[in-house]
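Q: From the sequence below, what's the structure:
(4 chains, ligands or ions: 5)
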Amino acid sequence: MIPPANPEIGQQPHPMVPALEVKNLVKHYPGVKALDGVDLVVRQNEVLGLAGENGAGKSTLLKALVGLVRPDSGEIWVRGEKVRLRSVVEAANHGIGMVFQEQSLVPNLTAAENIVLGSEGAGVRGGVYRWETMRKLAQEQLDKIGSDINPLARTDTLSFADRQMVEIAKVLRIEQRSQHPPVIILDEPTSVLESKEIETLFTQVRRLREFASVVFVSHRLDEVLDVCDRVSVLRGGQSVGEVATAGAAPADLHRMMIGSTGSDDHYHDQAYERSAEPLRPMLSIRGLSGKTFRDVDLEVAAGEIVGIVGVHGSGREDVCRALFGAEPTLAGEVTLDGKRLDLSSTRAAVAAGIGYVPAERKIEGMVGPMSVADNMTLTKQQSRCAGPIVMPKRQSSLVDRWIERLSIRTPHRGTQIQRLSGGNQQKVVLARWLVAGDIRLLLLDHPTRGLDIGARSEVYRLMRELADSGVATVLLADSLEEAIGMSDRIVVMSDGKATKHVPCPSGDKPTPLDLVKEMV
Amino acid sequence: LTGCSEESNAGTGGSDKAGACDPADVKLVGQVRNESNPYEASWLDGGDAFAKSVDLEQQRLTYDGDSTKQQEQITQLLAGDTDCLVMNILPNGDSDTPPIVEQAQEAGAYLVTQWNKPADLNVTDYDHWISHITYNGVESGKQIGDALAEAIGGSGGIIALQGILDTGAAKDRFAGLEESLAANPDVKLLDQQTANFSRAEALEVTKTLLTKHGDDVKGIWAANDDMALGALEALKAAGKEGEIAVVGIDAVPDALTAIESGAMTATVSSDGPWQGGIGLAAGYCVATGELDVADIADEDRAWFAEQFLIQQDNVAEYLSPATDEADFECDNVFSRSQGAIS
Amino acid sequence: MSTPVIAQPAAEPVVVKGGPTPAQRLTSFMPVIALVALLAALTIADPDFLTQKSLTAAIRTSAPLVVLAAGATLVVLCGGIDLSIAALASLSTVFFAMWLPDLGGLTTLAVIAAAAGIGAIQGIAHVVLRIPSFIVTLGGMSIFSAVALVISDAGPIRVVDRDATNWLTLYVAGYIPMAFFVAVVVVAVIALVLKLTPLQSYITATGYSESAARLAGTPVDRVKVGAFTVSGACAGLAAVMLVSRNFSGSPTMADNLLLPAVAAIVVGGTAITGGHGSIWRSLVGALVITLLRVGLPIVGVPSAYEQILYGAIIVAAVALTLDRSKVLTIK
Amino acid sequence: MTSPAEDVDVAAARPQPRRGVSLRDSGPPLALVVIFVAFSALSSDFRSIGNVQNIMDTAAVLAVVTCGITFVLMMGSIDLSAPGVMGAAAIAVALLVANNRNGNELGVIGILLAILLAAALGCVSGLALVLLKVPSFMTTLGVSAVGLGLATLMFNGVQPNITDGTLASWPVERLLGLSYLTWIAFACVLVGYLIQRYTRLGRYAFAIGGAEEVLALSGVKVAPYKVAVFTLAGAFYGLAGVMVTSQLSAGLVQAGKGYDFAAITAAVVGGTLLTGGRGGILHSAVGVLIVMVLTNGLVQVGVSPYWQGGVQGLIVVAAVAAAVLPQRRRNQVTK
Ligand SMILES: Nc1ncnc2c1ncn2[C@@H]1O[C@H](COP(=O)(O)OP(=O)(O)OP(=O)(O)O)[C@@H](O)[C@H]1O
Ligand SMILES: Nc1ncnc2c1ncn2[C@@H]1O[C@H](COP(=O)(O)OP(=O)(O)OP(=O)(O)O)[C@@H](O)[C@H]1O
Ligand SMILES: O[C@@H]1[C@@H](O)[C@H](O)OC[C@H]1O
Ligand SMILES: [Mg+2]
Ligand SMILES: [Mg+2]
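A: Ligands and ions are numbered 1, 2, ... in the order given. Coordinates of the predicted model:
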């Protein structure tokens, strides 16, 4: 079987030879040049950041490195040797493994099985499982990264963060396949993690550097600068340069990503003026209870952005879903603009002027095989109809307008949404609620998950403009900073209860630390 | 509706042409449910034997016991050349006969049907529907019922396995059983279930009924031999082989063997090979002009064919059935008639 | 409210020419190609098969199957399946035969309405009780069969008064059987309604991703109930066609049309997993299945080989017609 | 050996973790108990030992078919090939062991050959699925037709009856009150369970239903496993066909009639999801018992034969509804 490799005593290639080198890689998709002559060098024992806007080609490049995308032309060199990678297995045999942007574990298998999947080694003999061996193999991997989950737990019973740990434990199995120090690719591993979990992950990344090379992608540029030794920047499928992280600021990176000295309107810096008028109450929740939350009281005024923060399992997501009629409630009363709200169906919610952007974009947010245009007008059909009749012209001009306004990168409005990059998909999902212009309450669950800085700023600006026009917003933010920056008021939830309301006016924002104190 | 007409193409039918066919131009078609049942397979073999005797070939059609498919095949068949077409058809159920008859009449093909026909559909109203042949189901149901009663000594409980509920054969045979029960007041019908003429279903139903009624069951009445054979297997599994009398209908080879060995009590002959040949023969005689529909007596247009109760004493006569070419001569085609269907 | 405007310009021209490539266009014609190929093969086997009379007979035969498949296609597009169509059609033939003496000319409409109502009840049971459509309609299948057996006393009921169904046996323009004409009209009307209204989007979204559709506020439940209702109505219409052909109603008359109808849908290239497909494809699929059912035996293929050929050809046909770029997982 | 944690509810629509053991797994056994108790109260014949044995005996063939189909359903595929595959195996075995049609007397080897033929037919379904990319719904429908055609060819108009001693003993000989056939079914359930829990084939079948694309991303080639699962299912159908032949002492082309939908119903009633990734052999075994108890109970309490199918359909729907309702979620995907 596969000889267990010891990175310390394996033949170390000459330290100057890059662990991985990409030369002039090109990949076309119908209507897009995803990679347009990319060059990339990953040195041994370094953490290389990869930055770029949504759709810049990061995931495509990384997939080419693990044999999932066949480049049209170009070369890939591994430790000074030119290789052709035609499958995940071939890549793994060269010591390259990847944690994907969208979690990819088999939900109904145990964590242990997921960790050893495809390289069970001694865990399976003659097709027969040896559960104890398999558990041990998995435990070894988990120990390496200091995770204390039960390897025999079914994966779908684990928390998101734990599942991320399982992914990392799994990718480290490639050490077993190759005599060489591995190259571990992490495509946006932090976009779904909370700060504590991110810290744990970074500790692991730094540990990995001892014996491996790491390629790390994130849209949180401060993170990239924090954990990486060096950052390569992609733009429009081309390499546009690299930055040594020491002393660099997010703004420098961002400038390189967008190719201009675009203003860095990140929420921190923005002085945001609110009108001083008394706010008209829009959403009012009294004593709302459901399976995972109890007795929640909440008021959101028209034009107000209220952030809800809490750790995993605080129940905040289910409150949003309940308001949208997607989760049953047990008690409580909700009014919207003075009228009692019907919580029985998503239909009723939409009719009342509520919009919802779910966190699970791939499964709940979009209909993958349908076009960008159809996804965008799915909810607000009236925007493309005259009476009950669909007007194709009306749809195309409306959709094109929003594609342009939100800078959605798509070859065509008729392109299947699943062919877009994650960030661009998210913009389409958001646009769905805006095309008709009749929204009164917007429930945003991690609306910027996976978005690049530019797209994020666009979403922030959009949220504020919507607020200015009177829309009430409930925000489950991607990070405490985002919650603080964007919200007028923050509600802390823990254990299914709204425990604390923290005012958050511009100019007098609480610090993340203030909030963390309230959350635990 | 404007633009609509009654028919896209008038049928070539017309009695004026009847009997004008050259023997070599006659096209013979036999249609049964499937070839995976010995009785119906032997029917088609009988058709082949007749065809061979007149130097023709029979086109064998099967429709999987699917009424719709049967109609579709007939429609398609009649969309071809129908001038000298002779069809010997086993309609799937009573209700499948009228459309077959009407289409054949319209297309001018010669038709013989067997087993199933609604009582109020009269063969004499048509001149291309030569004859309808069946066995007297009430009589056969009664005959085996009586044989069963005798076998259990005139008193005791029996169970009945019904055929496909939606067929005349099943209903008539059960009516015959009821007549027999009336005549044998000490025989008690403990239970009746359908096993759809199927051996496998009969096995399961019988097992369940045996546990339900236990030792009260002295005899099993089955509406055909396939079910009787299934019931025999159930008895075998329950260790009651030979203790309970079983009767069926059709005289399929396995049932005859069972009667010979004493495992089964009685069956009634249905002569598959003869049925497969006789329909084609009658049609062939009319198509070639040897027989004129107008000359056929009304009682020969819809008739019961001769059937025999087979028990251990006479089973030897039936063990090796053979078609007799003489049966199929134009003078003899009605020779097995037991009289008109009442 | 004013529509928010984002100042940032697009980094590159966003909207370029797109749309289907010639190869993609070809895939939508695959069902027709399969049909023509089959017809050619049958003609080679028996040159007499390709006559106007014989083709007329074949399309007349196909009418009930077309209607059944068309209705059930909507359910399949929504990601479900309707296994009750054939049993419901059988029950409807019994309804027809029983109601005709009282209702006369209104019987056809009454039967279609009743079948639609029964379809709707199944749809409601499916969405309210959250039972898989496979199970609801499997249950429906046995329940409808039982009801049909009981009310008909397990036997066929003759339809003596043929005036109510006679129109279906007429011909349009001399050659097109009315039943087939009606079937095509039904397909065209359903297809048109879908195309012109948001229903197409709703159905597609529901079929591809029910949870995303629901969270987009799409009336998933109503769309599904609607699909089952239309499926039921089509079963009712198919029943009327069968009665017009058989002059009777019978509790088992259409039972054997279930698998052919589902096969017609799949052979047309509609994804059995939902989302992708069309009702036109099912029309062509039904013609393919009809040709296989009647064509193979008529051109002289012996029955055992007929089954083997049927099996091989339906698989080959789907291999040809299914557009894999629209179907992510082939299960 | 340790075994993996008990299966718990998978939220298909929301991949968030759910806590606790699901009611969905306890629903079917509960339904079985309720139905059993209800019939027992209604009929004394029903609750007799003899009848319980009878239920087990009649469940044997369906149990074996369901073992096969469960693996296919776990992958999220479907299998309609049982009627054809069973028919072919039934005729084949009848012509291979001692019979009235030819001089063959291959005994156990004949049985194995028939099962091999069935496995080969299953393999064809799987190959057509992975090579031609035709949905299993169609490949198995096609293979069923092919199987029936082959069976009809072999049948050739004359009923093959068997005289083989081994086969003759299966339905008749008893051990602890249950026929050999029933023990064979138990063995199949056990083997199926072991395959499901302790072999790569079983676990991968389960995983394919959970997230096929992830297996590919992990470098697992799923195609061979899919083919293997259909082959395995074919083998189970083959054995079931042989069992029917032993029960009837004759090879019938129709030996598998109706077993396709019956087995799917049993599996689903037992809690196996048609969308894959959930359920398993034990679930299916419970489902088989529910279906058989129903069938038997309705006869025992004397429901009219006309109504039996209808009442059975109603109860199956009700049983599934009762099992599903407690964990109903708003945004649940129901196909
Ligand atoms: N399978 C595909 N078919 C067609 N186009 C694709 C496909 N995959 C990616 N693309 C296109 O290639 C381009 C690069 O996409 P990629 O996913 O690599 O971007 P990214 O940099 O990872 O973006 P993000 O930050 O949003 O994840 C995008 O325009 C995308 O639409
Ligand atoms: N229907 C349910 N049955 C059982 N447990 C549930 C159910 N719905 C949610 N949960 C659990 O209850 C907890 C609250 O879920 P929720 O997703 O609302 O948390 P959250 O605060 O939104 O987390 P995050 O920070 O990831 O957004 C989670 O642990 C979740 O797994
Ligand atoms: O078994 C026979 C069956 O196939 C047919 O329906 O007619 C009567 C029966 O004897
Ligand atoms: Mg990406
Ligand atoms: Mg959440």
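
Q: Distance check, the residue lying closest to C:Arg324 once chain neighbours are set aside against ligand 4.
A: Nearest residue to C:Arg324 in three dimensions, chain neighbours excluded: D:Lys133, at 5.8 Å (CB to CB, 6 or more residues apart in numbering or on different chains). (C-beta placed from N, C-alpha, C; glycine too.) In this structure, D:Lys133 and ligand 4 are 28 Å apart, going by CB to the ion, to the nearest Å.

Q: Isn't D:Lys133 up against C:Thr329?
A: No: the pair D:Lys133 / C:Thr329 is not scored as a contact, 10.2 Å apart, by CB atoms under 8 Å.

Q: and the closest residue to chain C within the stretch 301-450 of chain A, which of the three is it?
A: Closest to chain C within the stretch 301-450 of chain A is A:His412: 2.7 Å, counting by CB to the nearest CB. Classification of A:His412 by DSSP: H, G, I helix; E, B strand; the rest coil places it in coil.

Q: wait, doesn't it sit right on A:Gly31?
A: Yes: counting by CB under 8 Å, A:His412 touches A:Gly31, with 6.0 Å between them.

Q: Tell me which of the two has more neighbours.
A: Taking neighbours as other CB atoms under 10 Å in any protein chain shown, A:His412 and A:Gly31 compare with A:His412 leading, 21 against 14.

Q: how close does the residue of chain A most remote from its centre sit to ligand 3?
A: The centre of chain A is farthest from one residue, A:Gly126, which by CA atoms, centre = their mean lies 39.6 Å away. Counting by CB to the nearest ligand atom, to the nearest Å, the gap from A:Gly126 to ligand 3 is 51 Å.

Q: for B:Trp43, same thing?
A: Separation of B:Trp43 from ligand 3 (CB to the nearest ligand atom) stands at 10 Å.

Q: ok, residues contacting the helix or strand containing that residue?
A: Per DSSP states H and E: B:Trp43 is located in helix B:38-53. By CB atoms under 8 Å, 6 or more residues apart in numbering or on different chains, the residues outside helix B:38-53 that reach it are B:28, B:30, B:32-35, B:57-58, B:60, B:62, B:88, B:90, B:250, B:252-254, B:270, B:272-281, B:284, B:321, B:323, B:325, B:328, D:155, D:157-159.

Q: pLDDT score assigned to the nearest residue to A:Arg130 once chain neighbours are set aside?
A: Leaving aside its sequence neighbours, A:Arg130 sits nearest to A:Gly123 (CB to CB, 6+ apart; 6.0 Å). Per-residue pLDDT puts A:Gly123 at 91.

Q: show me the contacts for B:Thr257.
A: B:Thr257 touches B:Leu319, counting by CB under 8 Å, 6+ apart.

Q: Now do the phi/psi pair for it.
A: phi -60, psi -40 (degrees, to the nearest 10).

Q: Check the gap between it and ligand 4 for me.
A: Counting by CB to the ion, the gap from B:Thr257 to ligand 4 is 75 Å.

Q: just D:Leu42 next, same as before
A: Distance, D:Leu42 to ligand 4, using CB to the ion: 63 Å.

Q: isn't that residue right up against D:Leu298?
A: No: applying CB under 8 Å as the test, D:Leu42 and D:Leu298 come out as separate, 10.2 Å apart.

Q: Looking at these two, which is more packed in?
A: A side-by-side neighbour count of D:Leu42 and D:Leu298, using other CB under 10 Å, places D:Leu298 first with 22 against 14.

Q: Might you report the residue contacts of that one?
A: Contacts of D:Leu298 (CB under 8 Å, 6+ apart): D:308, D:311-312.

Q: Where does A:Val26 sit: helix, strand or coil?
A: Secondary structure, three-state DSSP: A:Val26 is strand.

Q: now the one 10 residues further on
A: The three-state label for A:Asp36, taken from three-state DSSP, comes out as strand.

Q: pLDDT value on it, please?
A: 94.

Q: Number of residues surrounding the nearest residue in space to D:Gly177 that is not next to it in sequence?
A: Among residues not flanking D:Gly177 along the chain, D:Gln53 sits closest, at 5.3 Å (CB to CB, 6+ apart). By the criterion of other CB under 10 Å, D:Gln53 has 18 neighbours.

Q: How about the residues of the stretch 151-300 of chain C by chain D?
A: C:154, C:210-211, C:214-215, C:259, C:262-263, C:266-267, C:271-274 (CB under 8 Å from any CB of the partner chain).

Q: Could you export those as CSV, including neighbour count?
A: Output for these, formatted as CSV (neighbours: other CB atoms under 10 Å in any protein chain shown):
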residue, neighbour count
C:Ala154, 21
C:Glu210, 27
C:Ser211, 24
C:Arg214, 26
C:Leu215, 30
C:Leu259, 16
C:Val262, 28
C:Ala263, 27
C:Val266, 28
C:Val267, 32
C:Ala271, 26
C:Ile272, 21
C:Thr273, 21
C:Gly274, 23
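
Q: Which ones among these lie within helices?
A: Residues of those located in helices (DSSP state H): C:210-211, C:214-215, C:259, C:262-263, C:266-267.

Q: Pull the most distant pair out of the residues you listed.
A: C:Leu215 and C:Leu259 (35.5 Å; CB to CB).
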